[in-house]
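Novice: Okay, predicted coordinates and the sequence, questions at the end:
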Protein chains: 2
Amino acid sequence: MTRRALNLVPFVSVANMMRLVNAIGVERFLTDLAGFVEEDFRRWPAFDKISRMASHSADGVIELMPTSDGVTYGFKYVNGHPKNRREGRQTVAAFGLLADVGTGYPELLSEMTILTALRTAATSAVAAKHLARPGSRSMAIVGAGAQSEFQALGFKALIGIDRLRLYDIDRWASEKCAANLACYGFDLTICASAEDAVEGVDIVTTVTADKHNATVLTDNLVGAGQHINAVGGDCPGKTELHRDILLRSAIFVEYKPQTRIEGEIQQLAADHPVTELWRVIAGEDPGRRSRDQVTLFDSVGFAIEDFSALRYVHSKLAGGDFHEDLDLLADPDEPRDLLGMVHRAQRNELAAAS
Amino acid sequence: MTRRALNLVPFVSVANMMRLVNAIGVERFLTDLAGFVEEDFRRWPAFDKISRMASHSADGVIELMPTSDGVTYGFKYVNGHPKNRREGRQTVAAFGLLADVGTGYPELLSEMTILTALRTAATSAVAAKHLARPGSRSMAIVGAGAQSEFQALGFKALIGIDRLRLYDIDRWASEKCAANLACYGFDLTICASAEDAVEGVDIVTTVTADKHNATVLTDNLVGAGQHINAVGGDCPGKTELHRDILLRSAIFVEYKPQTRIEGEIQQLAADHPVTELWRVIAGEDPGRRSRDQVTLFDSVGFAIEDFSALRYVHSKLAGGDFHEDLDLLADPDEPRDLLGMVHRAQRNELAAAS
C-alpha cells in the first residue's frame, strides 16, 4: 500500500472481493492463501489465541474472533443462523479487519463471507496435504452447500484431487455443485447416498449444514487409510460423524480448547488424545503414521486462518484497484482538537453551500 | 430505514458523523443521546454484559466491546495508544456496529471516534443529573484534551452548567478548549493550577490522559457536597484521584466487574462498597444521600453506552443523507450458490468490458 491519509481505511467490498478472486483465479487464490495459512500455522506459538467470543440467541450466534501476532491484530465478525437460508439470506455472513498493533489503527476492512469459504477450503487442503496418503486423487463430498465447490477446488489445487463423488440429501444442490465445477476438469459423479459416495475414495469431506448431532458417516463406511476432512460439525450440539469413527482415527485439530467444545471431539472424553495441526506443519509431529491409518481433520475454523486470509488479501491490494478508501477514522490536525474538527466541517459545508 | 438490498449495510463515515452532529447541534445531540443512555441504563438487566476483550501490547491496547439486548447486538472496536498523539494520530480511535440478533446481519457500521467522545460526555452528564446537588451551575475541568469540550457541553445541555474553570498542564490545550467553547455562552476561566480550578465549584471533572497512576486531585481539594466526575482513569495502572478521596466518597460505577479492574477503585479493596449507576436511574438506589455528601462517578466507559449511541445514530438516519450503503455482505440469489455468484460476477464484468 502506498502512504494514505490517516483517516482512510482500505475496504474490500463483496464486489471487489469477487473481482480480486476472478482476477487471480479461484485455484491460484486457494493455493496462495494456503501458503499464508501454512506460514502462520508454522509460527503458531507467536499468536495470541483466544476462543471466539460468542453471543448466542434462539435463532443463531454472532461471534467475534480476534487474534494477534504482536505486529498485526485481526478479528472477524461472523454469524451462524441456520434459518437464514429459508429467508434467502446466507447462513454465515462475515467481515473482518486488520489493524497495526503499534498504533491501533485499522489497515484493512474486508468482506469475509466469500473469504471465509476460501480460507476454510484452503485450511482443509493444507491439512490433507500433510495428512492424506501421498498420491490421493479421489474425494467424496457429503453436503453440496456453499462450501462444497471451494473444498473441491482447494483439494485440486493443493494436492491434485481430480475425481469427485458428490452426495447431498437435496439433489438440486449436487447438480448446482457439479454445474459450478464443470469448467474445472473434474471426473465428477453425483451419488445416490453417502455410502455410495465414500466407497473407495482416498479422502472423505463432510460438509453438511444441519445444526444438530447427525450421523453423516458411520464407522463401517470408513476404509483403512482414508483421510476424513470433517468440516460441517463446528459448534456445540452439531456433529457429523459417528463416535466410533473418532475412536479409531488419528485426530488433528486447529486449537484444542476450542475444538473440544465445537468439533466432532465434543463426543469424546475431554482428555482424548488429539494433535494440533500446526505441530505437523512445523515438523514437531509426524502426522500420518502408516498407509492404513485413518486420519481425521476435525475442522471448526480458527481466528488465525482468518488472519492469514486477511493478510493475503491485504498483500494483493498494492497497485491494484480492488479496494475503496473508507473514511472511518477521525483525523483532526491536532488530536486534542476533536470538537474543533467538527466545527471546521460545519464552516466548510456552509462555505461550500454559499 | 426503508427496506434495502440484503448486501448493503448503512455506513456513517467521519464526514457524515460530523454533518449529522452539526445538523442536530452538539448540545441537542448530547441531550437526545443522554435520553437513549438513560433508557438503556433503566433496562440494564436486559443486556448481556461482558467485560471488554482486550489485546494489550507495549504501545497500547486494542479492544472489542460487545453487548446485546436480545434483539439488537452491538460492538465497538477501540484502541488506546497514548504515544499516538506524538505522531499526530488519535490516542483513541473507534468504530462500531449494530446487528439484528435474529439474522446476524449488520444494520449499521459507524465511525465512533467522535461518537465515543459524545457518549462519554452524555453518560457523565446523566450521572451528574442523578448525583450532583440540584442547582449545580459551576464545574472545574482538569485536563483540556479532546474530551473536555464535550464534557462541558454535555453538562450545560443536561443540567445547566454555565460556569467553567479549566486547567491543563499545557496552557495551549486550555486555550484551545476555551476557543472551541467560545460560541456556547459559558462564563469560562483558565486557571493556573488544579487547586485553583476546583475551589468552590459544584462539580469537578477530571479528564487527563497520562497512562499511569497520577494524582490530579488530593483529598484536601475536595469540598463537602461536590460531585466528582472521574473520566480519565480508565485502565489498569491509570488513575487520577488520591485514594483518600475515594474513601470518603459515595462511589457510583457503570459495571462493577469492569470498573474494579479499570477504574479509580482499582486502588481500593475488591469488596469496597460501590453502587452501579443504573440502580439510581432505575429508582432502586437513592444516589446522593445529603447535600454535604461527596459523590463520585468513576467512569471507565461500558459497551451499553456505545450501544445506546449507535442506536441513537441509527434512529436519525431514516430519510436523511447521513449515510452511504456499504457492499459488505455477500448476497447470492441462492445462499448455497456462493461460487456461482463469483462466476456470474466475472461473466458480467467480461460482458461489460466487451
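Specialist: Cool, got the structure.

Novice: pLDDT-wise, which helix or strand of chain A ranks last?
Specialist: strand A:213-217 (a mean of 83; mean pLDDT, DSSP states H and E).

Novice: list the helices and strands it packs on?
Specialist: In terms of contacts (3 or more C-beta pairs under 8 Å, 6 or more residues apart in numbering or on different chains; DSSP states H and E), strand A:213-217 is packed against helix A:194-198, strand A:203-206, strand A:239-241. For every residue, glycine as well, the C-beta is placed using N, CA and C.

Novice: Which among the ones you listed is found nearest to chain B?
Specialist: Closest approach to chain B among these (C-beta to the nearest C-beta): strand A:203-206, 15.2 Å.

Novice: Now find how far off-centre stretch A:247-260 is within its chain.
Specialist: With C-alpha atoms, centre = their mean, to the nearest Å as the basis, stretch A:247-260 stands 17 Å off its chain's centre.

Novice: For chain B, tell me whether that stretch is touching it.
Specialist: No: Stretch A:247-260 stays clear of chain B (C-beta under 8 Å from any C-beta of the partner chain), getting no nearer than 14.9 Å.

Novice: what's that stretch in contact with?
Specialist: Applying C-beta atoms under 8 Å, 6 or more residues apart in numbering or on different chains, the external contacts of stretch A:247-260 come out as A:49, A:51-52, A:123, A:127, A:131, A:219, A:228, A:263-266, A:268, A:270, A:272-277, A:280, A:287-289, A:293-302, A:304-305.

Novice: Just these: which are in strands?
Specialist: A:49, A:228, A:275-276, A:294-298 (DSSP state E).

Novice: thinking again about what came up before, give the partner strands of the least confident helix or strand of chain A in its sheet and their orientations.
Specialist: strand A:239-241 (parallel) (DSSP bridges).

Novice: how about the helices in the stretch 1-150 of chain A?
Specialist: Counting by DSSP state H, counting those that start in this stretch, the stretch 1-150 of chain A has these helices, from start to end: A:14-24, A:26-42, A:113-131, A:148-159.

Novice: Check which residues of the second one are buried.
Specialist: When you say that, I think you mean helix A:26-42. Going by neighbour count (16 or more other C-beta atoms under 10 Å in any protein chain shown), the buried part of helix A:26-42 is A:26, A:29-34, A:36-38, A:40-41.

Novice: low pLDDT regions in chain A?
Specialist: Along chain A, segments meeting pLDDT under 70 span A:1-4, A:51, A:211.

Novice: Just want the most central residue of it.
Specialist: In chain A, the residue lying closest to the centroid (C-alpha atoms, centre = their mean) is A:T120, at 2.6 Å.

Novice: which residues touch it?
Specialist: A:147, A:150-151, A:231, A:299, A:301, A:305.

Novice: Distance to A:V201 for those - can I get that in a markdown table?
Specialist: Converted to a markdown table, the contacts of A:T120 look like this (distance: C-beta to C-beta, whole Å):
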| residue | distance to A:V201 |
| --- | --- |
| A:Q147 | 18 |
| A:F150 | 18 |
| A:Q151 | 13 |
| A:V231 | 16 |
| A:S299 | 18 |
| A:G301 | 24 |
| A:E305 | 25 |
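
Novice: of these, list those near chain B.
Specialist: By C-beta under 8 Å from any C-beta, the members of the contacts of A:T120 lying near chain B are A:147, A:150.

Novice: quick one: which of the contacts of A:T120 is nearest to A:V78?
Specialist: A:G301 (8.5 Å; C-beta to C-beta).

Novice: residue contacts, the closest one?
Specialist: So A:G301 contacts A:116, A:120, A:123, A:234, A:254 (C-beta under 8 Å, 6+ apart).

Novice: and with 10 Å instead?
Specialist: For A:G301, the contact set (C-beta atoms under 10 Å, 6 or more residues apart in numbering or on different chains) comprises A:52, A:63, A:65, A:76, A:78, A:92, A:116, A:119-120, A:123, A:231, A:234-235, A:254-255, A:258-259, A:262-263.

Novice: again with A:P332
Specialist: A:P332 neighbours (C-beta under 10 Å, 6+ apart): A:6-7, A:338-342, A:344, B:14, B:88-90, B:113-114, B:146.

Novice: And the buried ones among the residues you listed, selectable in PyMOL?
Specialist: Those of the contacts of A:P332 that count as buried under 16+ other C-beta under 10 Å are selected in PyMOL with:
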select buried, (chain A and resi 6+7+338+339+340+341+342) or (chain B and resi 14+89+90+113+114+146)
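
Novice: With respect to B:C177, which of the contacts of A:P332 is nearest?
Specialist: Checking those one by one against B:C177 (C-beta to C-beta), the nearest turns out to be A:L339, at 8.4 Å.

Novice: helix or strand for the closest one, which one?
Specialist: Counting by DSSP states H and E, the element that carries A:L339 is helix A:338-353.

Novice: orientation of that helix relative to helix B:14-24 in degrees?
Specialist: Here helix A:338-353 runs at an angle of 80 degrees relative to helix B:14-24 (axes from the mean of the first three to the mean of the last three C-alpha atoms, to 10 degrees).

Novice: Now do helix A:338-353: distance to the chain's middle.
Specialist: 44 Å.

Novice: cool, stretch A:109-116 as well?
Specialist: The answer for stretch A:109-116 is 10 Å, by C-alpha atoms, centre = their mean.

Novice: Figure out the length between the terminal residues of it.
Specialist: Start and end residues of stretch A:109-116 are separated by 14 Å (C-alpha to C-alpha, to the nearest Å).

Novice: Could you do stretch A:153-173 as well?
Specialist: End-to-end distance of stretch A:153-173 (C-alpha to C-alpha): 17 Å.

Novice: So what's the gap between it and the chain middle?
Specialist: The answer for stretch A:153-173 is 17 Å, by C-alpha atoms, centre = their mean.

Novice: how about it: buried residues?
Specialist: For stretch A:153-173, a neighbour-count test (16+ other C-beta under 10 Å) marks A:153-159, A:161, A:164-168, A:173 as buried.

Novice: Out of the residues you listed, which comes closest to A:E199?
Specialist: When the buried residues of stretch A:153-173 are compared for distance to A:E199 (C-beta to C-beta), A:R165 wins out at 8.2 Å.

Novice: The closest one looks like it's in a strand, true?
Specialist: Yes: membership of A:R165 in a strand is supported by DSSP: H, G, I helix; E, B strand; the rest coil.

Novice: For it, which residues count as its bridge partners?
Specialist: Counting by DSSP bridges, A:R165 is bridged to A:A140, A:T189.

Novice: which ones are touching it?
Specialist: Counted by C-beta under 10 Å, 6+ apart, A:R165 has contacts A:138-142, A:187-191, A:194, A:196-201, A:204.

Novice: redo that, cut-off 6 Å
Specialist: A:140, A:189, A:191, A:197 (C-beta atoms under 6 Å, 6 or more residues apart in numbering or on different chains).

Novice: Same question for A:T91.
Specialist: A:82, A:84-85.

Novice: Most neighbours among these, which one?
Specialist: Highest neighbour count within the contacts of A:T91, by other C-beta atoms under 10 Å in any protein chain shown: A:N84, with 22 neighbours.

Novice: Leaving out chain neighbours, which residue sits closest to that residue?
Specialist: Nearest residue to A:N84 in three dimensions, chain neighbours excluded: A:T91, at 5.2 Å (C-beta to C-beta, 6 or more residues apart in numbering or on different chains).

Novice: how near is that neighbour to B:H56?
Specialist: Distance from A:T91 to B:H56, counting by C-beta to C-beta, to the nearest Å: 34 Å.
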